[in-house]
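Participant: Need the 3D shape of this:
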Amino acid sequence: MKISFLGAAGEVTGSKHLIQTENYNLLLDCGLHQGRRQEANALNANMPFPSKSVNAVILSHGHLDHCGMLPVLVKQGFRGDIFATTATADIAHYIMADSARIQEQDARYFNNNLPDDGKPIDPLYTEEDALAVQSYFKPTPYFRLKPHWTQVNPKIRFKFLDAGHILGSALTVVEITEGGVTKRIGYTGDIGKPGNPLLHDPEPFREPLDALIMESTYGNRDHRSLDVAEKVLVETIKEAAAKKSKVIIPAFALGRTQQLIYSLHRLTDEGHIPRMPIYVDSPLGLNITEVFQRHPEDLNASAWQGFTKDHENPFLFRNLDYVESVDESRALNDLPGPFMVIASSGMCEGGRVLHHLMHHISDPNAVIMITGYQGKHTLGRKIQDGVSPVKIFGRPYKVRAKVITLDEFSAHADKTALMTYLSHIPTPKQIFLVHGETDQSEALQSELQKKYPGAAVHVPMLGDNFDV
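Facilitator: Below you'll find the model as predicted:
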């Protein structure tokens, strides 16, 4: 069999890994590329394979860079099953529909405010395209909840383990028999950090693996503890309250928003921060939070501790408002501070956060708080790296706001967590490091080659393929 790396290879976004057997093509994830608009559009415009040739998809989780191209796959002729955990199937429905709406809205706004030398843009897919994907989902429980392998065809089966990255995220073990020989491929998708107060710790692979496809987002970087990040968060909010500042937090509607709400709720109740108004300016954020509440079996029981005595929901509290309408969102721009806005997208590549940045990025009294990984060439990365001016909707804006980075809120395992995870599983024969910029992947490759000299450790680039 052969594995082809067709996304998130030498980069972080656009996860697509194709397992080709004698008579069956199995796709691991089908994610959207993000970054430089022109390059991302070119990569997203067409699949790197005929969509009709894919027999089934296994989806690791519902982040856009893992599921965001499923509407294009279906639109171009895919008619197989999409296997995902129950929570991921629920989440992906909202993520893809929201992505389509954002693409349509941003295209309209961009085209209506086109610079003299600009070219009109079209959305990659519509909301109707996104909704058409739902009928292909085949919700599949974690192995710990229903200890049976899922049969894809007579020669291929798989099981889901909890990845601890976001709600519903899964590590996958795929078992394939060809010519009387059975081989196992492990895929981490995105693997979470142990000790997340909301989620279960990542489950280890138990079976020996012929190949492991593993993320390497923070392959050469360790985070400070969440306690340290919360101290910075407390100091920032106290200062913002004193200066009547507006705090803009670009955050993924899935995972990061719920983690922030959870921490802000607890810190407020414990009296560490004042009851500053907090607005979640994302209908998607509200939808995803409701999905969290529908899947308590996927949450760490400790998530509810400390709130039960007051019969409170961790994701709802007195000074928190969810903003749904566009008019309510626009009204925030004229509202006096202090207050905080949590809005998607997390890498500032679309959505309502762009409008908040457009209005406040040049205000020296405003604060922009980066709370997760920013892909290369994204607007969020440029702001994080101190680039000024930056372009928003094609127009330049000087960055005068205070910029703070808190990577500790990231849902990705750091270098130490990745190495620790590998130390608890049987050493794979081959390890493929994906979902990481080259410097991060190659640094982790070097560490793994020293620790596991019997394993072949690869850093595939886009389009590379390997025999297993």
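
Participant: okay, CA-based contacts and neighbour counts for the rest of this
Facilitator: Noted.

Participant: Show me the helices in the stretch 101-250 of the chain, by range?
Facilitator: 127-131, 226-243 (DSSP state H, counting those that start in this stretch).

Participant: What sits closest to Trp149 if chain neighbours are left out?
Facilitator: Excluding its sequence neighbours, the residue lying closest to Trp149 (CA to CA, 6 or more residues apart in numbering) is Lys159, at 5.1 Å.

Participant: Do I have it right that that neighbour meets Ala170?
Facilitator: No: if you go by CA atoms under 8 Å, Lys159 and Ala170 don't touch, sitting 9.2 Å apart.

Participant: How about the contacts made by the residue most central in space within the chain?
Facilitator: The residue lying closest to the centre of the chain (CA atoms, centre = their mean) is His63, at 4.0 Å. When contacts are counted by CA atoms under 8 Å, 6 or more residues apart in numbering, His63 touches Ala92, Ile95, Leu254.

Participant: what's the pLDDT at His311?
Facilitator: At His311, the model reports a pLDDT of 48.

Participant: Over to Asp321. Which of the three states is it?
Facilitator: strand (DSSP: H, G, I helix; E, B strand; the rest coil).

Participant: contacting residues for it?
Facilitator: Pro277, Ile278, Tyr279, Val280.

Participant: pretty sure the first one is touching Phe339, no?
Facilitator: In this case it means Pro277. Yes: counting by CA under 8 Å, Pro277 does reach Phe339; the two are 4.9 Å apart.

Participant: more neighbours, the two?
Facilitator: Neighbours per residue, other CA atoms under 10 Å: of Pro277 and Phe339, the larger number sits with Phe339, 21 against 15.

Participant: Please narrow the contacts of Asp321 to those residing in strands.
Facilitator: Here DSSP state E is the test, and the contacts of Asp321 give Ile278, Tyr279, Val280 as lying in strands.

Participant: Quick check: of the residues you listed, which lies closest to His435?
Facilitator: Val280 (28.3 Å; CA to CA).

Participant: Run through the stretch 151-300 of the chain and note the low-pLDDT ranges.
Facilitator: Within the stretch 151-300 of the chain, no stretch has pLDDT under 70.

Participant: Number of residues surrounding Ile278?
Facilitator: The burial count for Ile278: 20, using other CA under 10 Å.

Participant: Compute the first-to-last residue distance for stretch 406-416.
Facilitator: Start-to-end span of stretch 406-416 (CA to CA, to the nearest Å) is 18 Å.

Participant: nope, stretch 123-130 is what I meant
Facilitator: Stretch 123-130 stretches 12 Å from its first residue to its last (CA to CA).

Participant: Give the buried residues for that stretch.
Facilitator: Pro123, Leu124, Tyr125, Thr126, Glu127, Asp129, Ala130 (16 or more other CA atoms under 10 Å).

Participant: Any chance you could list what contacts that stretch?
Facilitator: So stretch 123-130 is contacted by 44-45, 70-72, 75, 93, 96-98, 100-101, 103-104, 107 (CA under 8 Å, 6+ apart).

Participant: Now intersect those with the helices, please.
Facilitator: 44-45, 70-72, 75, 93, 96-98, 100-101, 103-104, 107 (DSSP state H).

Participant: How far off centre is the strand ranked longest in the chain?
Facilitator: Ranked by number of residues, the top strand in the chain under DSSP E is strand 170-178. Offset of strand 170-178 from its chain centre (CA atoms, centre = their mean, to the nearest Å): 23 Å.

Participant: For it, which strands pair with it and how are they oriented?
Facilitator: In the sheet, strand 170-178 lines up against strand 156-162 (antiparallel), strand 181-187 (antiparallel) (DSSP bridges).

Participant: quick one, which of the helices of the stretch 101-250 of the chain is packed in tightest?
Facilitator: Of the helices of the stretch 101-250 of the chain, the one with the most neighbours on average (mean count of other CA atoms under 10 Å) is helix 127-131, at a mean of 18.

Participant: For the strands paired with strand 170-178, give me TSV that also has mean neighbour count.
Facilitator: Putting those into TSV (neighbours: other CA atoms under 10 Å) gives the following:
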stretch	mean neighbour count
strand 156-162	23
strand 181-187	18
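
Participant: okay, those strands in JSON lines with distance to Pro296 next?
Facilitator: Output for the strands paired with strand 170-178, formatted as JSON lines (distance: least, CA to CA, whole Å):
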{"stretch": "strand 156-162", "distance to Pro296": "14"}
{"stretch": "strand 181-187", "distance to Pro296": "25"}
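
Participant: out of these, nearest to Glu203?
Facilitator: Checking the strands paired with strand 170-178 against Glu203 by CA to CA gives strand 156-162 as the closest, at 5.5 Å.

Participant: if we look at that closest one, which residues are touching it?
Facilitator: Outside strand 156-162, the residues that reach it (CA under 8 Å, 6+ apart) are 85, 140-144, 148-152, 168-177, 200-205.

Participant: So which residues of the stretch 201-350 of the chain form strands?
Facilitator: Using DSSP state E, counting those that start in this stretch, the strands of the stretch 201-350 of the chain run over residues 211-215, 246-250, 278-281, 320-323, 339-343.

Participant: do you know which of those lies nearest His424?
Facilitator: strand 211-215 (13.8 Å).

Participant: From the contact counts, what lies against that closest one?
Facilitator: strand 181-187, strand 430-434 (3 or more CA pairs under 8 Å, 6 or more residues apart in numbering; DSSP states H and E).

Participant: tell me which strands and helices the shortest one is in contact with?
Facilitator: Translated: strand 430-434. strand 211-215, helix 438-451, strand 456-458.

Participant: in the second one, what counts as buried?
Facilitator: Spelled out, that is helix 438-451. Counting neighbours by 16+ other CA under 10 Å, one finds that the buried residues in helix 438-451 are Thr438, Asp439, Gln440, Ser441, Glu442, Ala443, Leu444, Gln445, Leu448.

Participant: Any chance of JSON lines for those, columns pLDDT?
Facilitator: Output for the buried residues of helix 438-451, formatted as JSON lines (pLDDT from 0 to 100):
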{"residue": "Thr438", "pLDDT": "96"}
{"residue": "Asp439", "pLDDT": "95"}
{"residue": "Gln440", "pLDDT": "96"}
{"residue": "Ser441", "pLDDT": "97"}
{"residue": "Glu442", "pLDDT": "97"}
{"residue": "Ala443", "pLDDT": "97"}
{"residue": "Leu444", "pLDDT": "98"}
{"residue": "Gln445", "pLDDT": "98"}
{"residue": "Leu448", "pLDDT": "97"}
